[in-house]
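In: When you get a sec, could you give me coordinates for this:
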Amino acid sequence: MVKLGLVGEGIAKSQSPDLHERLGASLGEPVRYDLVDSRGSTDFDFPSAIQRLRDEGYRGTNVTFPFKEKAAQLADIRGEGVRRVGTANTLLFDAEGLRAENTDYTGFISAYRHSFGRQPAGEVLLIGAGGVGRAVACALGELAVSHIRILEHDASRAESLSRDLNAMGINATCITSEQAQRELPHWQGVVNCSPIGHINHPGCPIDTAGLGAQHWVFDAVYIPAHTELLNAAHQAGAKTLSGVDLFVFQGVDAFRFFTADCIASEQIDPHVIPLRTHYIKQLVSPSAHSMP
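Out: Numbering: from 1, shown residues only. All right, here's what the predicted structure looks like:
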């Protein structure tokens, strides 16, 4: 039995337990995946929660909002994705110490290429410069992005990401919501990596009046799968990429890390697209007829 977890805030409706347990069952490796939710806890201590999982014999844990930056800082060993992005969504309890990996980075690249092929990302509006925003921004650097405009309410966080991206050779600037509204029709991509649109943070992160058929739009939120942003993009004729895709591809990459000592990566490969099809049917298709 492989024991895994997810640490985050407001994660009661997460599909991660189902994904990892389903993938494990299809590969003949029983998996137990538990949720550690900080919501409602006034004295939640992230390092203590991680240590408790290790003490209880877990192989590792996924990490989500708002702990991805803390996860990277806590680790003894940082994988390539973490070193590049600066955040972690996967922690492994290795004999050598706590190892951090970032599968949001690899997962977004896989999800984008699966839906859009080799289409250049172009000029992109990035909403949210937190953990997943950093990962996706770095991933865009591998997808022929020409310029990233960062829209983030925390100015210091936005400036930090812009500075880091430019140091990597990825053109990036910070903008205001007024600039975004004015310039949006001239850009190619819109990426929401803020929690706005999630069931716990309802709403739409930008004014969508400027969306059109020239855009591709990604929303990292997948609960609900039909966010206000994606609904508006669909109505405008834009290409869309659901948070469900990132959820599946990053989840599979995390599963590879968790089970590397007992399941060969090649054994997992044939299960990826059927798994995506399952979640698209389960999370996206049931709501298709109710879209406004």
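In: Residues touching stretch 135-146, excluding its own?
Out: Contact partners of stretch 135-146, identified using C-beta atoms under 8 Å, 6 or more residues apart in numbering, comprise 81, 84-85, 87, 89, 102, 104-106, 108-109, 112-113, 120-124, 126, 129, 148, 150, 161, 165, 168-172, 189, 191, 193, 218, 220. Heads up, the C-betas are built off the backbone N, CA and C, glycines and all.
In: list the buried ones in it?
Out: The neighbour-count check on stretch 135-146 (16 or more other C-beta atoms under 10 Å) flags 135-143, 145 as buried.
In: For that stretch, output the C-alpha coordinates as CSV.
Out: What follows is stretch 135-146, C-alpha atoms only, in CSV (Å, rounded to 0.1, in the frame of the first residue of the first chain):
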residue,chain,number,x,y,z
ALA,A,135,5.2,27.2,-12.7
VAL,A,136,3.0,28.1,-15.7
ALA,A,137,5.0,31.2,-16.6
CYS,A,138,8.2,29.1,-16.7
ALA,A,139,6.4,26.5,-18.7
LEU,A,140,5.4,29.1,-21.2
GLY,A,141,9.0,29.8,-21.8
GLU,A,142,9.2,26.3,-23.3
LEU,A,143,6.1,27.0,-25.5
ALA,A,144,7.3,29.9,-27.6
VAL,A,145,5.8,32.7,-25.5
SER,A,146,6.9,36.1,-26.8
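In: Determine how far it lies from the middle of the whole chain.
Out: Distance of stretch 135-146 from the chain centroid (C-alpha atoms, centre = their mean, to the nearest Å) equals 14 Å.
In: Give the rounded mean pLDDT of that stretch.
Out: Averaging pLDDT along stretch 135-146 yields 97.
In: now do stretch 164-176
Out: Here the average pLDDT along stretch 164-176 is 97.
In: can you tell me the distance between the two ends of that stretch?
Out: Using C-alpha to C-alpha, to the nearest Å, one end of stretch 164-176 lies 19 Å from the other.
In: Just the residues contacting that stretch, thanks.
Out: Outside stretch 164-176, the residues touching it (C-beta under 8 Å, 6+ apart) are 84, 86, 125, 134, 137-138, 140-141, 145-152, 155, 158-159, 161-162, 183.
In: Can you work out which other helices and strands pack against the strand or helix carrying Ile50?
Out: In this structure, Ile50 sits in helix 46-55 according to DSSP states H and E. Packed against helix 46-55 by the contact rule (3 or more C-beta pairs under 8 Å, 6 or more residues apart in numbering; DSSP states H and E) you find strand 2-8, helix 68-74, strand 90-94.
In: Mind doing that once more with 7 Å?
Out: Other helices and strands packing on helix 46-55, by 3 or more C-beta pairs under 7 Å, 6 or more residues apart in numbering; DSSP states H and E, are strand 2-8, helix 68-74.
In: Could I get the ones you listed in a markdown table, plus columns for mean pLDDT, mean neighbour count and distance to Gly197?
Out: Putting those into a markdown table (pLDDT from 0 to 100; neighbours: other C-beta atoms under 10 Å; distance: least, C-beta to C-beta, whole Å) gives the following:
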| stretch | mean pLDDT | mean neighbour count | distance to Gly197 |
| --- | --- | --- | --- |
| strand 2-8 | 98 | 22 | 16 |
| helix 68-74 | 95 | 21 | 18 |
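In: can I get those in JSON lines with distance to Glu96?
Out: JSON lines is the format used below for the helices and strands packed on helix 46-55 (distance: least, C-beta to C-beta, whole Å):
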{"stretch": "strand 2-8", "distance to Glu96": "19"}
{"stretch": "helix 68-74", "distance to Glu96": "15"}
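In: of all the ones you listed, which lies closest to Pro274?
Out: strand 2-8 (20.5 Å; C-beta to C-beta).
In: Tell me which helix or strand comes right after the closest one.
Out: helix 16-26.
In: count of neighbours near Ser194?
Out: A count of nearby residues for Ser194, using other C-beta atoms under 10 Å, gives 26.
In: which residues touch the helix or strand of the chain with the lowest mean pLDDT?
Out: Ranked by mean pLDDT, DSSP states H and E, the weakest helix or strand in the chain is helix 80-85, scoring a mean of 92. With contacts defined as C-beta atoms under 7 Å, 6 or more residues apart in numbering, helix 80-85 is touched by 72, 88, 100-102, 105-106, 134-135, 138.
In: Please identify the buried residues of it?
Out: 81-82, 84-85.
In: related to what we said a few turns ago, next step: the contacts of helix 80-85 restricted to helices.
Out: 72, 105-106, 134-135, 138 (DSSP state H).
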